[in-house]
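*Asks:* got a structure for you, letters missing:
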């Protein structure tokens, strides 16, 4: 025998609420024989009479009262479930797993997250602090939804990679060091240096800049937290080559002087994610928000 259906339960509730089969049929946009069939199928399924027919108003039996009470809960739960799915498809709710570096988290991501919080308060953005290589690996594995990664990256048929922003690389020097107006590889190679870890794209970018002038300096210390590197520079421990994410705040680093490089060097960041047809609504809305902060590529 057929199981209970939500349509049958909705018909039963409507009859009890409205008092007649014909009123329920009109409200549900059903033919009256269909309404009668729903009730007969329900009564056959529970092996009990559910409604007392006759008189001006149809009334529920004791069994009918019990079933109507449970039916209201089921119908409410079904409506809430459908609404939750619609909200998720529309990208109003959900969780997005984002991978990015410490520098982006400190200087660039807060504005994005604030915008997301205002526009989509029910979307949870889970931020994972990772290097670009690990971020790309986890995107391929499916344990991340979006990555903000240094570019270029190896082409992939499984992922989409688009430009997000470009930041000039600068020499971060202790304030007390005498320094030229522009820092060359020759001048900087002779100083105590603070580098990113060799596994990072930032390290490759910096070493490539030195190598172009024939230098391969060794760092005094290597670490991957940008703000810690700046603190060490301010303490006079050494110099670092880092991106300038906020040109307007160039004078806010106490104890540090920020000097342009010669030749100039630029760090590019891209947005990596699965193809649009494969992302959910919440991920799509975070991508749209990130796109609003996209910067024109510079060289």
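*Replies:* Great, that's in hand. Just so you know, these numbers come straight off a predicted model, no measurement behind them. Numbering: from 1, shown residues only.
*Asks:* does residue 170 touch residue 262 like I think?
*Replies:* No: in this structure, residue 170 sits apart from residue 262 without contact. The criterion is CB atoms under 8 Å, and the distance is 11.2 Å. Quick note: C-beta positions are derived from backbone N, CA and C, even for glycine.
*Asks:* who has more neighbours, those two?
*Replies:* A direct count of neighbours by other CB atoms under 10 Å for residue 170 and residue 262 places residue 170 higher, at 21 against 15.
*Asks:* phi, psi for the more buried one please.
*Replies:* Phi and psi for residue 170, reported as degrees, to the nearest 10, are phi -130, psi 160.
*Asks:* that one and residue 206: what is the separation?
*Replies:* Applying CB to CB, to the nearest Å, the value for residue 170 to residue 206 is 11 Å.
*Asks:* same check on residue 117?
*Replies:* 35 Å.
*Asks:* repeat for residue 109
*Replies:* Going from residue 109 to residue 206 by CB to CB gives 23 Å.
*Asks:* ok, these two, which is more surrounded?
*Replies:* Ranked by neighbour count (other CB under 10 Å), residue 109 and residue 206 place residue 206 first, with 25 against 20.
*Asks:* look up how far residue 43 lies from residue 121.
*Replies:* Counting by CB to CB, the gap from residue 121 to residue 43 is 46 Å.
*Asks:* quick one: list the elements packing against the helix or strand of the chain with the lowest mean pLDDT.
*Replies:* For the chain, scoring each helix and strand by mean pLDDT, DSSP states H and E identifies helix 102-107 as the least confident one, at a mean of 78. With contacts defined as 3 or more CB pairs under 8 Å, 6 or more residues apart in numbering; DSSP states H and E, helix 102-107 has these neighbours: strand 122-129, helix 226-234.
*Asks:* low pLDDT regions in the stretch 101-250 of the chain?
*Replies:* When the per-residue scores of the stretch 101-250 of the chain are filtered using pLDDT under 70, the ranges that remain are 246-250.
*Asks:* ok, and what's touching the strand or helix carrying residue 148?
*Replies:* Residue 148 belongs to strand 146-151 when assigned by DSSP states H and E. When contacts are taken as CB atoms under 8 Å, 6 or more residues apart in numbering, the neighbours of strand 146-151 outside the stretch itself are 96-101, 104, 108-109, 130, 132, 135-136, 138-139, 161, 163-164, 200-202, 205, 267-273, 283, 286-287, 290.
*Asks:* list the contacts of the residue nearest the centre of the chain.
*Replies:* Using CA atoms, centre = their mean, the residue of the chain that lies closest to the mean C-alpha position is residue 96, 3.4 Å off. With contacts defined as CB under 8 Å, 6+ apart, residue 96 is in contact with 123-126, 145-146, 282-283, 286.
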